[in-house]
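No letters, just coordinates:
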């Protein structure tokens, strides 16, 4: 079976991609991913707030006491051992690029226009094969309109894409009024691909301590349904390559993503639970299904179940909403009669 494919012009030996996660926080884990057969690795996200905080801390220690007396300006603490967020990330990226053959993409979650472009340029110089811009933005301000939020995101993409020569994928959430139109605008701004979708981790309330707590749950195969639905709608309507993220746990999940129109299937939760070696099993599941159903390549099946290729496209549209609601059949022995 031919599992080779291209994603944003990047040649992959197979379309399984390790998404941004703790698995890419050290070189040994990334080597395990490569040895297990992963097609590409997206490094963990670098948050601009973290870099800014580290920068302020370093500046504080470098300048502390400098105005006490004249000679103090010549005193500096030993800096090479300081864990400076941006520098540590770039060092790991460069080391991975030199040690591994698999494509390595950098992931950036910026907060200011200047921060996005500065670190995108540094990531390119460090050897990244591509960039994934993690547009993790929650519009909690009632004064910010949807148009303003979208324009801010588009400006970010435009600035970064014009700064680097690397392919840029935009990882977004699903909450847009007209998602296909917005993705087209992302492409016009310079994006080569989109990643569907970013997971907004929810908060919970602790009723004993009256504290707001973070709730992090790993994905399940059921979570694939949302990105699968939108991938099938976007395929053929936008020129961006599509990566599905969230809910890829087995070969069946990945095959569904490809048939919807995805160029790459990103995964994390399954690898966190079972280790990078699980990749081999998933690839075997994909190849086995393809052999049984006489598919010769991933490209052959891509988009075969998309909106434009299925006989009844209503399953992706509003008409299916009423059909699904009306399909429920209660247990005749239950209370709902």
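Alright, I've got the coordinates. As the structure is a computational prediction, the values presented were derived from the model and not from experiment.

Enumerate every residue touching residue 214.
201, 203-204 (Cβ atoms under 8 Å, 6 or more residues apart in numbering). The C-beta positions use only the backbone N, C-alpha and C, and glycine is treated the same way.

got a list of what the nearest residue to residue 24 once chain neighbours are set aside touches?
In this structure, residue 24 finds its nearest non-sequential neighbour in residue 43, 4.4 Å apart by Cβ to Cβ, 6 or more residues apart in numbering. Residue 43 makes contact with 20, 24, 89, 92-93, 96, 104-107, according to Cβ under 8 Å, 6+ apart.

Spell out which helix or strand contains residue 43, please.
Here residue 43, judged by DSSP states H and E, is contained in strand 40-47.

neighbouring strands for that strand, and are they parallel or not?
Here strand 40-47 has these sheet partners by DSSP bridges: strand 16-18 (parallel), strand 104-109 (parallel).

Who are the packing partners of whichever helix or strand comes after the longest one?
Tracing the chain C-terminally past strand 104-109 and defining elements by DSSP H and E, one meets helix 113-125 next. Counting contacts by 3 or more Cβ pairs under 8 Å, 6 or more residues apart in numbering; DSSP states H and E, helix 113-125 is packed against helix 48-63, helix 85-99, strand 104-109, strand 130-134, helix 146-163.

do that again at 10 Å, thanks
If you count contacts as 3 or more Cβ pairs under 10 Å, 6 or more residues apart in numbering; DSSP states H and E, helix 113-125 packs onto strand 40-47, helix 48-63, helix 85-99, strand 104-109, strand 130-134, helix 146-163.

Can you pull out the residues in contact with it?
43, 46-49, 51-52, 86-87, 89-90, 93-94, 104-110, 112, 128, 130-131, 133, 135, 152, 155-166, 168 (Cβ atoms under 10 Å, 6 or more residues apart in numbering).

could you redo the last one with a cut-off of 7 Å?
Defining contact as Cβ atoms under 7 Å, 6 or more residues apart in numbering, one finds that helix 113-125 is touched by 46, 48, 86, 90, 93, 106, 108, 110, 131, 155-156, 159-160, 163-164, 166.

in it, what's buried?
Residues of helix 113-125 classed as buried by neighbour count (16 or more other Cβ atoms under 10 Å): 115-120, 122-124.

got it, and stretch 270-285?
Those would be 270-271, 276, 278-279, 282-283, 285, for stretch 270-285 by 16+ other Cβ under 10 Å.

which residues of the protein fall in helices?
27-36, 48-63, 85-99, 113-125, 146-163, 179-188, 225-234, 251-260, 269-274, 278-292, 298-301, 319-325 (DSSP state H).

Give me whichever of those is most buried.
Using mean count of other Cβ atoms under 10 Å, the stretch among the helices of the chain with the largest mean neighbour count is helix 251-260, at a mean of 23.

can you list contacts of that helix?
Identification of contacts with helix 251-260 by Cβ under 7 Å, 6+ apart yields 15-16, 221, 224, 228, 231-232, 235, 244, 247-248, 265, 282, 285-286, 289, 298, 301-302, 304-306.

ok, the residue nearest to residue 24 to residue 26 distance?
Distance, residue 43 to residue 26, using Cβ to Cβ, to the nearest Å: 11 Å.

circling back to that earlier point, select from the helices of the chain the stretch with the lowest mean pLDDT.
In terms of average pLDDT, helix 48-63 trails the rest of the helices of the chain, at a mean of 47.

number of nearby residues for residue 203?
Residues near residue 203, counting by other Cβ atoms under 10 Å, number 9.

From residue 308, how far off is the spatially closest residue to it that is not a sequence neighbour?
Ranked by Cβ to Cβ, 6+ apart and with sequence neighbours excluded, the top spatial neighbour of residue 203 is residue 212, at 5.2 Å. Counting by Cβ to Cβ, the gap from residue 212 to residue 308 is 44 Å.

Which one's more surrounded, those two?
residue 308 (13 against 10).

dump the residue contacts of that one.
residue 236.

got a pLDDT number for it?
87.

which one is residue 9 nearest to, not counting chain neighbours?
residue 167 (5.5 Å).

My read is that that neighbour contacts residue 128, right?
No. Applying Cβ atoms under 7 Å as the test, residue 167 and residue 128 come out as separate, 9.9 Å apart.

of the two, who's got more company?
residue 128 (27 against 21).
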